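Colleague: just the structure for this:
(2 chains)
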Amino acid sequence: MDGSNTVRGIVSAAGYVPFRRLQRADIAKMFGSGGGKGTRSVASYDEDTTTLGVEAARIALRSAGATTPSAVWFATADPAYLDKTNATAIHAALRLDRECPALDLGGALRSGIGALRIALDGVGTTLVVSSDIRTGLPTSGDESGGGDGAAAILVGDDASGTTTAPVIAQYLGAGAATDEFVDRWRTPGERRSKIWEERFGETKYVPLGVQAWQAALKAAELSSGDIDRVAITGLHGRAVNALAKTLGLADGVKVDDLAGSVGITGTAHAALLLTAMLEAATPGQVLAVVMLADGADVLLFRATDALAGYQSARPVATQVRSAQDLPYGKFLSWRGMVTVEPPRRPEPARVSSSAAGRSEGWKFGFVGSRDRTSGALHLPPSRVSMDGGALDDMEPAPMADVAGTIVTFTIDKLAYSPSPPIVFAVVDFDGGGRFPVEMTDVDAADVKIGDRVEMTFRRLFTADGIHDYFWKARPVRTAASDLEVS
Amino acid sequence: MGSHGIKDRVAIVGMGCTSFGERFDTSLDDLLIDASNQAFTAAGVDKDIVDAYWFGTAQSGMSGITLARPLQLDNKPVTRVENFCATGSEALRQAAYAVASGAYDVAMAVGGEKVKDSGYAGLNAFPVPSDGTNRTLTAAAMFSMVAPAYAKKYGVDDDEMKNVLARIAWKNHYNGARNPRAQFRREMSMEKICASPRVAGPLGILDCAGVADGAAAAVVVRAEDAHRYTDRPIYVKALSFVAGNGSGLIDPDYDYTHFPEVEVSVKDAYAQAGITDPRHELAMAEVHDCFTPTELVLMEDLGFADRGTAWKEILAGTFDLRGELPVNPDGGLKSFGHPVGASGLRMMFEAWLQLRGDAPEDRRIANDLPLALTHNLGGYPGEMVSFVSILGRELS
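Modeller: This next block holds a predicted model:
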């Protein structure tokens, strides 16, 4: 610490766990092998690492009050685009200022916790988003042990006298150990990773973990006994367990790594576990997160008094509970492991880049326009009012965080969808306004008139390699307190 | 300012219509030539007598050349028009206005569509480059939302509603079975209609119009010249057209139980024609029954039944072939089929046959009233275009 009254650390933290779960036992039922106990999370057919990241980031920003980031960093081992930055879509969905840089730190699993460390060691208010969709061949350990999810950590300074949200977890220091060895690898474009013989990785990772752990303790001037909670993760499960034993942690110090319910979400998992740990922590507790990936990284935090007044807009634990099983066949088709008969309709044409660029606020931000005189809401935004005909007398109407109610709906079994049928609802928003919109995270049989829905950022389809991002509605399944009700 | 119409100023003196259906062995050119030649023959003209052409196709071709080339027209003004599923009506409307203006003596409207060459079932919109935020629903799904909304508003229970919708399909199949040009020439039992597989919401496959290839054509001249071409001309009493502004999609007050664009267009048409009691003044109506709930709601929007009562009238047979006001005596879109660019003209073709007494005996309407209505829409509930024509046997 430099002795000033500025404290750097976490301002808010959020996880996003998709709605669907795969029962691991279903794998062995089909193939006679593979699987295991518990469940893993499954990104919907209309989610990719970018949309998962957007959802986590939206929760993080809703939890952070008026604090907005001055930079967005996005880390994933499964980027939706190469060459083109993916963080820009997150930046657009969050409606951040054009001056705010949006950067990808991609490719490797380690980039998630790495981005977090750079942000903590740096300056400014940085939103660090990490996200992953973990795939593997049917019956593989990666298929059953992996999970899909994202986390978003808002890193910043707590300067007394400012109006921004306070730091809820002070950054105490970090430790790292780095080594070059090929334990797990995937060449670009592959749908699976390959793994070296397990014992080799274990012999490499455990000493690296110990080394990073000791370096972090030294940096923070702490001893092992000062640590109240530790989250340890990595895709080498055997090494993770062995390291936990080697560190000799007291009972109750190591937290649930969500392997049984969510699965290990790769690039996102360190931040996801950190978030869950923070949501259960009390002021004063010292928290450690450890990730084993091509070495080891350890980050140390102390929960501040401000944590007592912090409430996540949507805690990880709530999302872990709010879930629905997905048949294994659907899982395989959603991940492209099997190809099912598509609807006999023409596939959509690719999105026009220039048209999409013109409508960034609408397409990515779900911003309509509201007639200043009549109050009529126009979705998409309109220059001329449908009510009174006023020209160019509209104000922007951001609707992404406004909930609504289903007025009527239909099930379309003919229309093109990557996962038919399409459930389509006419939604009236709280406070006025209507939009007919596709629904997601719902089974057709479960939709009713009067159901409450909220907006979610999704990928509608991909054509000519261009992803079509837009918003859908999904049922409100958790407490409505985090939604804007106007 | 005002909509004045062209009542009794223009007459249809010849019409043609191909058979509709899965015409896999017939090209668009063939369909256009066949429909046009029927109309030329009926009017006793040849292609050179016609001064100007309006050609309607939604997406089977571009520009007037799509008609001028197969007909080998000799440097004639040929205009291609498109207005969703009301494209055929739009072609007639433009041709009639051109004659009424005095610009031309003889004009022709031709509509055609080669839907079945797409290789897909149903209609598929031509993709305009976009930002990717547009709905991608089928028309069936959009119109399917009408049925539950209507049932809820007027207290019709699910079984009764299914019965009402099936009754509409049953009637249109009954009529189509008596139409040698129709795509589906078979009667369909209520049980079979009710049991058809669902495609969207409560709608089964037999709630949907047939999708067909086909073409139709009409020759129009000034009313005072009509008897030079035929003893039995049909006069244009009203042509009305409305393009909605799409606000129904985002207006929380819209309840999916009526089509405001239709209400506005029919009001204008009745005013042009001087009709005050459509149910008793019209001999028949051809309406846009793209899906069974559409026809249900149209009976009220067009003023054939009071709000909330059309379902009872349908069950009572009011709109049957021998009912009080026959609706879709040719089988409608449901069994005649729906070649988008031709359908509006096909509706007028039925009015042409019935008003002139040329319809086959087994589907000839029973009354002798002189007026017929055609209604042709395109788009979806909340965002549609609507066309209404009134045609008559006599000058008033």
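Colleague: endpoints of stretch A:83-98, how far apart?
Modeller: Stretch A:83-98 has an end-to-end distance of 20 Å (C-alpha to C-alpha, to the nearest Å).
Colleague: what of stretch B:32-52?
Modeller: OK, stretch B:32-52 end separation, C-alpha to C-alpha: 16 Å.
Colleague: kindly confirm my reading that B:Phe40 forms part of a strand.
Modeller: No: counting by DSSP: H, G, I helix; E, B strand; the rest coil, B:Phe40 is not found in a strand; it is helix.
Colleague: give me the nearest residue to it, chain neighbours excluded.
Modeller: B:Asp46 (5.9 Å; C-beta to C-beta, 6 or more residues apart in numbering or on different chains). C-beta coordinates here come from the backbone N, C-alpha and C atoms, glycine included.
Colleague: the one you found: neighbour count?
Modeller: 10 (other C-beta atoms under 10 Å in any protein chain shown).
Colleague: B:Ser27 too?
Modeller: B:Ser27: 13 neighbours (other C-beta under 10 Å).
Colleague: gap between the residue nearest to B:Phe40 and chain A?
Modeller: The gap separating B:Asp46 from chain A is 40 Å, by C-beta to the nearest C-beta, to the nearest Å.
Colleague: residues of chain B that sit close to chain A?
Modeller: Within chain B, the positions adjacent to chain A are B:118, B:120-122, B:124, B:127, B:129-133, B:135-138, B:140-142, B:144-145, B:148-149, B:198-201, B:245, B:247, B:249-252, B:254, B:256, B:382 by C-beta under 8 Å from any C-beta of the partner chain.
Colleague: quick one, which of those are buried?
Modeller: Neighbour counting over the residues of chain B next to chain A (16 or more other C-beta atoms under 10 Å in any protein chain shown) leaves B:120-122, B:124, B:131-133, B:135-138, B:140-142, B:144-145, B:148-149, B:199-201, B:247, B:249-251, B:254, B:256, B:382 as the buried ones.
Colleague: filter those residues down to the ones in helices?
Modeller: B:140-142, B:144, B:148-149 (DSSP state H).
Colleague: reformat these as CSV; add distance to A:Gly36 and pLDDT.
Modeller: Converted to CSV, these look like this (distance: C-beta to C-beta, whole Å; pLDDT from 0 to 100):
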residue, distance to A:Gly36, pLDDT
B:Ala140, 43, 93
B:Ala141, 40, 94
B:Met142, 45, 94
B:Ser144, 43, 96
B:Pro148, 44, 94
B:Ala149, 48, 95
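Colleague: between those residues, which is nearest A:Lys330?
Modeller: B:Ala141 (21.7 Å; C-beta to C-beta).
Colleague: my guess is that closest one contacts B:Ala200, does it?
Modeller: Yes: in this structure B:Ala141 lies within contact range of B:Ala200 using C-beta atoms under 8 Å: 4.0 Å.
Colleague: pLDDT on the longest helix along chain B, on average?
Modeller: Ranked by number of residues, the top helix in chain B under DSSP H is helix B:158-176. The average pLDDT within helix B:158-176 is 97.
Colleague: buried stuff in it?
Modeller: For helix B:158-176, burial by neighbour count (16+ other C-beta under 10 Å) applies to B:161-176.
Colleague: tell me which of the residues you listed is nearest to A:Gly201?
Modeller: Of the buried residues of helix B:158-176, the one sitting nearest to A:Gly201 (C-beta to C-beta) turns out to be B:Lys162, at 62.7 Å.
Colleague: assign a three-state SS to B:Gly214, would you?
Modeller: Following three-state DSSP, the label given to B:Gly214 is strand.
Colleague: tell me, what's touching B:Ala141 and B:Ala200 both at once?
Modeller: With contacts defined as C-beta atoms under 8 Å, 6 or more residues apart in numbering or on different chains, the residues shared by B:Ala141 and B:Ala200 are A:410-412, A:414.
Colleague: can you redo the residues you listed as TSV with neighbour count and distance to B:Lys334?
Modeller: Listed next are the shared contacts of B:Ala141 and B:Ala200 as TSV, based on neighbours: other C-beta atoms under 10 Å in any protein chain shown; distance: C-beta to C-beta, whole Å:
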residue	neighbour count	distance to B:Lys334
A:Thr410	29	20
A:Ile411	21	22
A:Asp412	27	20
A:Leu414	23	17
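Colleague: pretty sure A:Leu258 is in a helix, no?
Modeller: No: secondary structure of A:Leu258 (three-state DSSP): coil, not part of a helix.
Colleague: state the pLDDT value of it.
Modeller: 98.
Colleague: look at it and say how many residues are nearby.
Modeller: For A:Leu258, the neighbour count with other C-beta under 10 Å is 26.
Colleague: A:Val320 is in contact with that one, correct?
Modeller: Yes: using C-beta under 8 Å, A:Leu258 is in contact with A:Val320, at 6.9 Å.
Colleague: next one: A:Ala280 from A:Ala259, what distance?
Modeller: Counting by C-beta to C-beta, to the nearest Å, the separation of A:Ala280 from A:Ala259 is 17 Å.
Colleague: sorry, slip of the keys, the one I care about is A:His91.
Modeller: Look at A:His91 and A:Ala259: by C-beta to C-beta, they are 32 Å apart.
Colleague: one more: A:Trp73?
Modeller: 26 Å.
Colleague: so the two - more neighbours on which side?
Modeller: In this view A:Trp73 and A:Ala259 are compared by other C-beta under 10 Å, and A:Trp73 has more residues nearby, 26 against 18.
Colleague: wait, what's in contact with residue 323?
Modeller: Just going to use chain A. A:17, A:19-21, A:39, A:41 are the contacts of A:Ala323 under C-beta under 8 Å, 6+ apart.
Colleague: hm, I was asking about chain B
Modeller: Contacts of B:Gly323 by C-beta under 8 Å, 6+ apart are B:Gly317.
Colleague: over to A:Arg184?
Modeller: A:193-196, A:201, A:235-236.
Colleague: let's see if you can find the most crowded of these.
Modeller: Within these, most neighbours by other C-beta under 10 Å means A:Leu235, with 26 neighbours.
Colleague: how much space between that residue and chain B?
Modeller: 34 Å.
Colleague: I'd say that residue and A:Ala293 touch.
Modeller: Yes: if you go by C-beta under 8 Å, A:Leu235 and A:Ala293 touch, sitting 7.2 Å apart.
Colleague: who touches both of those two?
Modeller: With C-beta under 8 Å, 6+ apart, A:Leu235 and A:Ala293 have common neighbours A:Leu109.
Colleague: just the pLDDT for A:Glu180.
Modeller: The predicted local confidence for A:Glu180 is 97.
Colleague: wait, what's in contact with it?
Modeller: A:Glu180 makes contacts with A:Asp294, as judged by C-beta under 8 Å, 6+ apart.
Colleague: what's the helix or strand for A:Leu332?
Modeller: Using DSSP states H and E, the element containing A:Leu332 is helix A:328-334.
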